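>>> could you work out the structure for the sequence below:
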Amino acid sequence: MKKILLTVCTALLVSCSVYVRAETLKPQVEADQVKLKKTYGSALPVEAIEEKAKVLRLIAFVNSLPQKWHVPWSGPPVGKVYFEFYRDGRAVGNFYAGPDFFGRDGSDFWSQKASKKQMETLGEIVGFDLWVYIHEKRS
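Now for the predicted structure:
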């Protein structure tokens, strides 16, 4: 009986830790403005991006990420900085960054691991040190 229970428990633990199949998300569509919002922490140094070249670079960055999006079994990820894409005043997508992940919402709450280098690249695009901002201590 102990062997059966041990086998069942092991199977359950393994199934919970197995990486969920990666999903391919639709590319972020063209936008003319990106609004930045935060969940907590100090004020964002940038609240909106309207410069066409920066908006295009940000869209290219989002679309260049590997198609390794998955829905965490632990629940929706909560980002610290949210990027909301608008075209002609209408929302056309979103993207967010947390301490070690990027996320996108749509039909579900998608996320993938993010490296420090990727965070630094995103920070260069938006014009402030995103890595430092995301990892600052809450006040």
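
>>> when you work out contacts or count neighbours from here on, use the C-alpha atoms and nothing else.
Fine.

>>> where in the chain is pLDDT low?
1-21, 138-139 (pLDDT under 70).

>>> let's see it at 80
Residue ranges of the chain with pLDDT under 80: 1-23, 41, 137-139.

>>> tell me the SS of the nearest residue in space to residue 119 that is not next to it in sequence?
Using CA to CA, 6 or more residues apart in numbering and skipping the chain neighbours, the partner closest in space to residue 119 is residue 131 (5.7 Å). Under DSSP: H, G, I helix; E, B strand; the rest coil, residue 131 falls in the helix class.

>>> and for residue 131, the neighbour number?
21 (other CA atoms under 10 Å).

>>> do I have it right that it meets residue 114?
No. Taking contacts as CA atoms under 8 Å, residue 131 lies outside contact range of residue 114: 10.7 Å.

>>> tell me the contacts of residue 87?
By CA atoms under 8 Å, 6 or more residues apart in numbering, residue 87 lies in contact with 30-33.

>>> repeat that for 10 Å
29-34, 93 (CA atoms under 10 Å, 6 or more residues apart in numbering).

>>> swap in residue 90?
Applying CA under 10 Å, 6+ apart, the residues near residue 90 are 31-33.
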